[in-house]
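>>> what's the 3D shape of this:
(chains A, B, C and D)
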2 protein chains.
Amino acid sequence: MRNTLALDDVVDIALIVFLEQGYDGTSMADLSAAAGITKSSLYHHVSSKEELLRLGIDRALSAQKAMLDEEEATDRTPSERLRTVTRRTCMLIVSLIPETAVLVRARGRTETEQWAIRERRLLDDRLAKLIAHSWAYEGRSFDSSAPAVAARLVFGMLSSVVDWYRPGHGPFDAELLAELADQILFDAALAGDARSQTV
Amino acid sequence: MRNTLALDDVVDIALIVFLEQGYDGTSMADLSAAAGITKSSLYHHVSSKEELLRLGIDRALSAQKAMLDEEEATDRTPSERLRTVTRRTCMLIVSLIPETAVLVRARGRTETEQWAIRERRLLDDRLAKLIAHSWAYEGRSFDSSAPAVAARLVFGMLSSVVDWYRPGHGPFDAELLAELADQILFDAALAGDARSQTV
DNA sequence: CGTACCCGACCGAACGGTCGGTCGGGAGAA
DNA sequence: TTCTCCCGACCGACCGTTCGGTCGGGTACG
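Here you go, the predicted structure:
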């Protein structure tokens, strides 16, 4: 077997460059240089720059959808489900940072990016539903549009880690990050009156 | 007086296009079309595309810094200061959505973007310090790196509104949005046991 | 008449993508 | 084992287009 490049390897490399330079800020020449092959060889593996974006986005979407499918099928209480989902979302984002970055940074200028935005909206809706169920279960009264806004804020907080967190490059590991995010969202850790836990 | 364009008008227009298409995804031809003048006329007002980015980023930075300066000078308790700052940050972001967007989306590929990242880090540090002081004031024990991580998560949550919130385009106004963000961060509204407030 | 504002025409460079062709390793037949 | 054929991986050269930016000149207001 020769030391050759598979499609997944090319996508891996492209996503890392996209993470650092942005999709629009990355040229096919940049990608070919990062992969150690020429630009024309790159086109042997993919048909277009946009296909690389699509494959990357699909990775993030598939993982998130699979996690939600699995969690929604459990028989936990709505509140437990919500907390588990946010925690697993954090862990999942950390494990798929370049993939999540291209997903959340899509602005909708091409057909692929519009598809990404539509799919993201579906994920938002599923999280909003989890929040609404949890609040209703806890007997809380709320405005009908509040769960959707809360869902976007939560996803926004968790997704923002792709802009600065790099696993293994600091004192904080993924579990500690998820723990802190969890305490901020569910224990009001920011208010200082968390249940005497140390982060 | 002719119906003419001032520099601030050009920056306003450019920022709106940057918000929708991203900086790299926007050409000077796009901007000139949006401004209703030709590309060469655009260069009468600005010396480069990067200058438009710099002016936009500076607006967001100046506003945020001025707010922090003002708030840090008060004699409130650390916890009150933290809560006021996060709330005012939310209001400020909503009132400067295009400006905040170019600031938080800078990836560091040019000198201007690297400057933006350095300035953002200073803002992160100031918020982290507020969090650390608040936690110490409340007698909470915490890891030394936790405030910095919490600050980034909070800024991440608040900054994410630039990706979906458009004032006047929905049932939620800015105050309600800030109120909900505040309750999530400080009252654990997501857990459902908030102090019986309706959002 | 100066100056602020704006224009059409244009430039070199970089862009995404295509082309014809090279190279080495695996499979099948003798 | 050797010869032949094939195919995936790769390459240099090149395509038309778009990029950020420039230039010389026009025009209307103070």
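
>>> Now the residue of chain A found nearest DNA strand D: which helix or strand?
With Cβ to the nearest atom of the strand, the shortest gap between chain A and DNA strand D falls at residue A:40, namely 2.5 Å. To be clear about C-beta, it is placed using only N, CA and C from the backbone, and glycine gets the same treatment. Residue A:40 is part of helix A:39-45, with elements assigned from DSSP states H and E.

>>> Please work out how many residues are found near the residue in chain A that DNA strand C sits nearest to.
Nearest residue of chain A to DNA strand C: residue A:27, at 3.0 Å (Cβ to the nearest atom of the strand). Other residues near residue A:27 number 13, with proximity taken as other Cβ atoms under 10 Å in any protein chain shown.

>>> check whether the longest helix along chain A contacts chain B.
Looking across chain A with DSSP state H, the single longest helix is helix A:111-137. Yes. Judged by Cβ under 8 Å from any Cβ of the partner chain, helix A:111-137 and chain B are in contact via A:131, A:134-135, A:137.

>>> So for that helix, what gets flagged as buried?
Neighbour-count burial for helix A:111-137, counted by 16 or more other Cβ atoms under 10 Å in any protein chain shown, picks out A:112-113, A:115-117, A:119-120, A:123-124, A:126-135.

>>> Now do it: distance to the chain's middle.
For helix A:111-137, the gap between its own C-alpha mean and the chain's C-alpha mean amounts to 13 Å (Cα atoms, centre = their mean, to the nearest Å).

>>> mean confidence score for the helix or strand just after that helix?
Going down the chain from helix A:111-137, the next helix or strand is helix A:146-159, by DSSP H and E. Confidence for helix A:146-159, expressed as mean pLDDT, is 97.

>>> Other residues contacting helix A:146-159?
Residues outside helix A:146-159 that contact it (Cβ atoms under 8 Å, 6 or more residues apart in numbering or on different chains): A:86, A:89-90, A:93, A:100, A:104, A:123-125, A:127-129, A:131-132, A:135, A:181, A:184-185, B:153-154, B:156-157, B:159-161, B:163-164, B:172, B:177, B:180-181, B:184, B:189-190, B:199.

>>> Check stretch A:10-24 too.
Under the criterion Cβ under 8 Å, 6+ apart, residues A:26, A:30-31, A:34-35, A:42, A:45-46, A:52-53, A:55-56, A:59, A:97-99, A:101-102, A:105, A:162, B:22, B:24-25, B:107, B:109 lie in contact with stretch A:10-24.

>>> Mark which of the residues you listed are part of helices, please.
Members of the contacts of stretch A:10-24 lying in helices (criterion: DSSP H): A:30-31, A:34-35, A:42, A:45, A:52-53, A:55-56, A:59, A:97-99, A:101-102, A:105.

>>> quick revisit: could the residues of helix A:111-137 next to chain B be laid out in TSV, adding pLDDT?
Formatted as TSV, the residues of helix A:111-137 next to chain B follow (pLDDT from 0 to 100):
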residue	pLDDT
A:131	97
A:134	96
A:135	96
A:137	96
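
>>> which among the ones in helices among the contacts of stretch A:10-24 are in contact with DNA strand D?
residue A:45 (Cβ under 7 Å from any atom of the strand).

>>> Keep only the ones in helices among the contacts of stretch A:10-24 that also lie close to chain B.
By Cβ under 8 Å from any Cβ, the members of these lying near chain B are residue A:105.
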